[in-house]
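Trainee: Sequence and predicted structure are below.
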Amino acid sequence: MSWIKVIAFSEATGKLRKLFERVKGPNGQIDNILQVHSLRPHSLEGHMRLYKNVLHHRENTLPKWYLESLGVYVSQLNDCAYCVEHHAAGLKRLLDDEARFEVLYDRLKKGQPEEALEGKWLVGMRYARTLSQRPAEVTEKHIDDLRGAGFSDGEILEINQVVSYFHYANRTVLGLGVNTQGEILGLSPSDDDNHENWSHQL
């Protein structure tokens, strides 16, 4: 599951047990990317607050499928198969269109978003690529391009934060050898009004 020791849900006590109760999914599953924080429960708490607020907050205005697409693309750029698999499963569920999903997923995996997206959606992906691969080369013109494509400044912030979150998540996974062993893929918190609801469901 990872290269470091983890505490299983069945063995968790105290604060860790309470956090696991909040994030658990079907059959008590704790996603491995979350369970790997078990030796430092405060780190798990910080991760979940960031994840819920960046990707699963009801006040985001960009479509959820697009935020998940950014996550898949950034994870692919980072060669993080764990996050690609998890968030592709979420993307597939959100699109609810097998043919559209297969085309988009295939192009994102190949690093060719321009063959599946157009307009502002493509401009956002290009920003994600530059921020991921050459962050020091991002300039105000990139922001102007996003604005010109039709994104509000708040939506530009959403894109920036999703891209940044996935770099954090990818490096957590890759740096600790986290894999998908024993997991149901694609579980996530809901976008409900309760900011404290971290329960993972399909």
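Mentor: Right, received. Where do you want to start?

Trainee: Quick check: L39 is in a helix.
Mentor: No - L39 is assigned coil when assessed by DSSP: H, G, I helix; E, B strand; the rest coil, not a helix.

Trainee: Do a quick rundown of the strands in this structure.
Mentor: Assigned strands in the chain: none (criterion: DSSP state E).

Trainee: in it, what spans have low per-residue confidence?
Mentor: Scanning the chain for pLDDT under 70 picks out the ranges 191-195, 202.

Trainee: For it, which helix extends over the most residues?
Mentor: In the chain, assigned by DSSP state H, the helix with the most residues is helix 153-176.

Trainee: If you count neighbours, what's buried in that one?
Mentor: Within helix 153-176, the residues that count as buried by 16 or more other C-beta atoms under 10 Å are 155-156, 158-167, 169-170, 172-174, 176. Any C-beta I mention is one placed from the backbone N, CA and C, and that applies to glycine too.

Trainee: Spatially nearest residue to the most centrally placed residue in the chain (excluding sequence neighbours)?
Mentor: What sits nearest the mean C-alpha location of the chain, by C-alpha atoms, centre = their mean, is G71, with 4.8 Å. Spatially, and ignoring its direct neighbours in sequence, G71 is nearest to H87 (4.4 Å; C-beta to C-beta, 6 or more residues apart in numbering).

Trainee: which residues sit in contact with that neighbour?
Mentor: By C-beta atoms under 8 Å, 6 or more residues apart in numbering, H87 lies in contact with E68, G71, V72, S75, G186.

Trainee: can you tell me how far it sits from Y51?
Mentor: Distance, H87 to Y51, using C-beta to C-beta, to the nearest Å: 11 Å.

Trainee: for G148, same thing?
Mentor: As judged by C-beta to C-beta, G148 and Y51 stand 30 Å apart.

Trainee: quick one, which of the two is more surrounded?
Mentor: The residue with more neighbours, out of G148 and Y51, is Y51; 20 against 11, by other C-beta atoms under 10 Å.

Trainee: before we move on, back to that, and the two most separated of the contacts of H87?
Mentor: Farthest-apart pair in these is S75 and G186; separation 13.4 Å (C-beta to C-beta).

Trainee: More neighbours: which of those two?
Mentor: The neighbour comparison of S75 against G186 (other C-beta under 10 Å) goes to S75, with 27 against 20.
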